[in-house]
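[1] predicted coordinates and the sequence they were generated for:
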Amino acid sequence: MDSLTIFLILLALGFVFGKLAERRHYRSIQAREEILVCLPATSCKKPMGNSSPINHVELVHGHVVVSVDYFKQLLAGLRNFFGGTIQAYETLLDRARREAVLRLKESCPTANEILNLRIETSSISKGGSGDQVGSVEVLAYGTAIYYQPASSQHSSP
Amino acid sequence: MFVSNIEDIPGKTITTCYGIVSGSTVRAKHVGRDIFASIKNIFGGELTGYTELLGESRDEALGRMKSQAQQLGANAIVNVRFSTSSIAAGAAEIYVYGTAVTVE
């Protein structure tokens, strides 16, 4: 009986806090994406439509570790039984990827463009019981390009 | 030291190639963080302890790769790739590799 109570408490905690945390995270992601929309990140290897001289380049990366809550883990376990899309993990990975790209952009706010953006995902803790995902790490890395400012081209060394 | 994950350094030309350089670290968190992370696993959300840990180890791996390139006399590393693998519960290996070159 005791273990059932604990299980139900964990489930309720996961449901309430998980939902709140996800909603808050999505709000912050959307707000920051709007600010950083002027810094394009592409998976191409050459700068597109811009042939201004390049001042310098830099390797930039951003990463995040996010975990799914207890309620969703259970939900995903049930889904595994019946088959079909596991929405709990879809939103988890979506949040993690967008957050990683945002952190990459925030680490170089003065760059003009980010080339060759790569996103890598790995599950870092294979939950104690079975092979449930639990938490994922997403790493985004790319090359930040800084063009020479157009106005000071003749004066720059 | 120029570092990029493209095949060249935009705006420069490659003159000499020294071959592969790499750096790796294996790190684990202390038990306190592990316990904290498993509690956080109930509520969901970001695991700040793990994020920090992986960030530190990635910086260290990058540093090792850069010092290896410096020893060879290179001034740039191109085509850098990261890879992460968990080798045991609670420990992660970060591996960074690229090609050391001289650019002008």
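    All right, it came through fine. Residues are numbered from 1 along each chain as shown, chains lettered A, B, ... in the order given.
[2] only C-alpha atoms from now on, for both contacts and neighbour counts.
    Fine.
[3] just checking, A:K45 touches B:I6?
    Yes - in this structure, A:K45 is within contact of B:I6 by Cα atoms under 8 Å, at 6.2 Å.
[4] separation between B:G11 and A:P109?
    Counting by Cα to Cα, to the nearest Å, the gap between B:G11 and A:P109 amounts to 21 Å.
[5] between the two, which one's more packed in?
    The residue with more neighbours, out of B:G11 and A:P109 and counting by other Cα atoms under 10 Å in any protein chain shown, is B:G11; that gives 15 against 12.
[6] ok, now which ones touch that one?
    Shown here is B:G11, whose contacts under the criterion Cα atoms under 8 Å, 6 or more residues apart in numbering or on different chains are A:53-56.
[7] can you check B:T13 too?
    B:103-104.
[8] pull up the gap between it and B:N75, please.
    Using Cα to Cα, we find B:T13 at a distance of 12 Å from B:N75.
[9] show me where the chain has its strands.
    Just going to use chain A. Secondary structure of chain A (DSSP state E): strands at A:54-67, A:113-125, A:135-147.
[10] was after chain B, sorry
    Listed from the start of the chain, chain B has strands (DSSP E) covering B:2-3, B:14-28, B:45-46, B:76-88, B:91-103.
[11] now look at the third one and say if it contacts chain A.
    Right, the one you point to is strand B:45-46. Yes - contact of strand B:45-46 with chain A is found when judged by Cα under 8 Å from any Cα of the partner chain, involving B:45-46.
[12] tell me the strands beside that strand, with direction?
    The sheet places strand B:45-46 alongside strand A:54-67 (antiparallel), with pairing taken from DSSP bridges.
[13] repeat for the fourth one
    When pairs are called by DSSP bridges, strand B:76-88 turns out to pair with strand B:2-3 (parallel), strand B:91-103 (antiparallel).
[14] make a markdown table from these and add mean neighbour count and mean pLDDT to it.
    Written out in a markdown table, the entries for the strands paired with strand B:76-88 read as follows (neighbours: other Cα atoms under 10 Å in any protein chain shown; pLDDT from 0 to 100):
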| stretch | mean neighbour count | mean pLDDT |
| --- | --- | --- |
| strand B:2-3 | 20 | 91 |
| strand B:91-103 | 21 | 90 |
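[15] so can I have TSV of those showing distance to A:E120?
    Conversion of the strands paired with strand B:76-88 to TSV gives the following (distance: least, Cα to Cα, whole Å):
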stretch	distance to A:E120
strand B:2-3	19
strand B:91-103	12
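[16] which residues are in contact with each of B:T13 and B:N75?
    B:V103.
[17] for chain B, give me its nearest residue in chain A.
    For chain A, the residue closest to chain B is A:D69, as judged by Cα to the nearest Cα, at 3.8 Å.
[18] buried residues in stretch A:34-47?
    Using 16 or more other Cα atoms under 10 Å in any protein chain shown as the burial criterion, the residues of stretch A:34-47 that qualify are A:39, A:41-42, A:45.
[19] give me the subset of those touching chain B.
    Restricting those to those within reach of chain B (Cα under 8 Å from any Cα) leaves A:K45.
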